[in-house]
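> okay, here's the prediction I keep looking at, along with the sequence it came from:
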Amino acid sequence: MMANRVDELISYVMTVDSGFAPNPYFGLCTLACCKPKLRAGVGNRVMKAAGCDDVRRVPADVVRDMHIWVVGLAGRALTRYAYRGVVYAMQVMQVMDFATYFQKHPEKRPCQTGGVGPDDPCWHGDAIYTTNSPRTAVQLRSEHSYGDRENPATKMHDLGGRYVLLSDHFVHFGQRAPLTGLEARLDEGVGFSISRDTGLLRAFEGLLDGEWSDELSVAGKVIRSEVVSGGGRCRG
């Protein structure tokens, strides 16, 4: 396996780890809901790198070769986790708009009927918006709706991020969230942080190539993520 490369490290503190945001199931780790400014920023940067103004025209290799990694850290609300441990890390491999994501990844649509419960990955589906516009999109029954009724606040919040981040190269530790010794150099809990500090990036690469290497999901080698119990809505 080729060595991992990190050119940009985006970190944020998580208040919820239910399997919804991020959604680490079916061989893809996706961030479709919550953190709208983070998602919008990544989408804008990849379009700028590709020299286009439509994310649907961005070649996948352009996104991959930017070596952008997103890291979620355990906040105090995750009482069963090591505080500021790494809950998940993913390399952004694709960026899609909501309509494209909904069409191309039906396996990520939620199923909360017919006896399906929170112990099933299908319950936590994050492909919950049918189009890109809050005026036309339908919000499916999900962790961000009021049962069968839409939640206007979460709908506006999620769609405000404009893009979905996708990765088939990721690790999701869940409650095992390890401490890394890098906590003081990562996000402190307000919004998110972007680092291009060479020392931090090389240290993170060392974790990916070292003690985490056997846990990384890659194309053709999927590590099953545990279903995390517990709901709630993300913040920010």
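Here it is on my side, so go on. Residues are numbered from 1 along each chain as shown.

> can you give me the end-to-end distance of stretch 122-134?
Using Cα to Cα, to the nearest Å, the gap from the first to the last residue of stretch 122-134 comes to 24 Å.

> mind listing what's buried in it?
The neighbour-count check on stretch 122-134 (16 or more other Cβ atoms under 10 Å) flags 122-130, 132, 134 as buried. (Each C-beta comes from the backbone N, C-alpha and C, glycine too.)

> what's the answer for stretch 203-214, then?
Neighbour counts using 16+ other Cβ under 10 Å place 203-205, 207-208, 212 of stretch 203-214 among the buried residues.

> which residues are in contact with that stretch?
Applying Cβ atoms under 8 Å, 6 or more residues apart in numbering, the contact partners of stretch 203-214 are 1, 3-6, 9, 69, 71, 89, 171, 180, 182, 216.

> is the spatially most central residue of the chain bridged to anything, and to what?
If you average the C-alpha coordinates of the chain and look for the closest C-alpha using Cα atoms, centre = their mean, you land on Leu31, 3.0 Å from that point. Residues found in beta-bridge contact with Leu31 (criterion: DSSP bridges) are Leu165.

> how much space between the residue lying closest to Glu183 once chain neighbours are set aside and Leu182?
Ranked by Cβ to Cβ, 6 or more residues apart in numbering and with sequence neighbours excluded, the top spatial neighbour of Glu183 is Arg84, at 4.4 Å. Between Arg84 and Leu182 the distance, using Cβ to Cβ, to the nearest Å, works out to 9 Å.

> what about the two, which has more around it?
In this comparison of Arg84 against Leu182, neighbours counted by other Cβ atoms under 10 Å, the higher total goes to Arg84 at 23 against 19.

> the more buried one and Ala74 touch, don't they?
Yes - the criterion here is Cβ atoms under 8 Å, and Arg84 meets it with Ala74 at 6.1 Å.

> hey, what's in contact with both of those two?
Contact criterion Cβ under 8 Å, 6+ apart; residues shared by Arg84 and Ala74: Val13.
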